[in-house]
Structure formats: C-alpha cells, structure tokens
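S.K.: Only the shape, not the letters, is given here:
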C-alpha cells in the first residue's frame with residue numbers, strides 16, 4: 001500500500017469520526033430541545049390564553065398564516081408562548097419541520113395538538129435511533 005493511500009485512509013477515518021461526533025452532539029441537542037419544547041407546549045396548552053384574534057388566525061394560506069402567527073408570537077405573545085415559539089424556531093431551523101402554528105392559528109383544536117404530539121414522538125424516536133447509530 002502506498003504512502004498516499006495510507007494518508008487518504010487515515011484522513012477518511014478521522015473525517016468520519018469527526019462527522020459522527022458532530023452528528024451525535026446535534027442529535028443530543030435536538031433531543032434536549034424536543035423535551036423542553038414538549039414541556040413548554042404543555043404549559044402553554046394548560047396555562048396560557050392565546051388571543052382568539054391575532055395575525056394568522058384562520059388564514060386561507062396555511063404557510064402564510066404560519067409566518068404571520070409566529071411573527072406575531074415573537075413580538076406580542078405572553079411569555080410562555082414567546083419562549084415556546086423561540087424554541088420551536090430553533091427546532092425548525094435545525095430540523096426544518098414543525099406544526100405549532102396551526103394550534104395557535106386555528107383555535108387550539110385537538111387535531112393540531114395531536115399532530116404536535118405525533119411530530120414530537122416521531123422526532124424523538126428518529127433522533128434516538130440516529131444517536132444510537134452514530135456511535
């Protein structure tokens with residue numbers, strides 16, 4: 001085996017270990033954020049009164065309503081909802097999927113709550129599997 005092949009093999013092994021370590025840290029962060037988001041969501045669901053009228057409520061275009069609702073929450077929402085929205089955005093930016101805005105914009109229907117719970121569970125399972133595979 002040539003010296004160049006040994007260097008390339010060593011470089012690939014080091015790169016794979018660094019990638020695995022980064023993936024592991026990101027997965028742990030996502031699991032922690034999911035746990036915090038779940039608890040904050042329960043606090044908002046049980047103890048925070050979301051106004052029935054705010055930008056995004058009943059929007060005919062779902063994605064436009066999501067942007068309007070989240071923007072409103074970041075500026076005008078009660079503290080519990082504000083923190084929940086910020087953690088949701090962190091999760092969104094990291095995983096690029098969320099459903100909390102539908103709960104806020106369409107009156108807190110049980111279906112939206114169910115979708116958030118299913119999303120949480122699927123994400124937690126996926127990240128846990130990813131964490132175990134990243135060893």
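M.R.: Everything's here; your move. This is a predicted model, so every value here is computed, not measured.
S.K.: Check which element follows the element among helices and strands of the chain having the smallest mean pLDDT along the chain.
M.R.: When the helices and strands of the chain are compared on mean pLDDT, DSSP states H and E, helix 100-105 comes out lowest with a mean of 62. Later in the chain than helix 100-105, the nearest helix or strand by DSSP states H and E is helix 110-133.
S.K.: Quick check: which element contains the residue nearest the centre of the chain?
M.R.: By C-alpha atoms, centre = their mean, the chain has its centre lying nearest to residue 91, at 2.6 Å. Assigned by DSSP H and E, residue 91 belongs to helix 79-95.
S.K.: Buried residues in that helix, which are they?
M.R.: Neighbour counts over helix 79-95 (16 or more other C-beta atoms under 10 Å) mark 80-88, 91-92, 95 as buried. Every residue, glycine included, has its C-beta placed from N, CA and C.
S.K.: next one: stretch 119-135
M.R.: Using 16+ other C-beta under 10 Å as the test for burial, stretch 119-135 gives 119-120, 123, 127, 131, 134.
S.K.: ok, so of those residues, who is nearest residue 36?
M.R.: Nearest to residue 36 among the buried residues of stretch 119-135, counting by C-beta to C-beta, is residue 120 at 11.2 Å.
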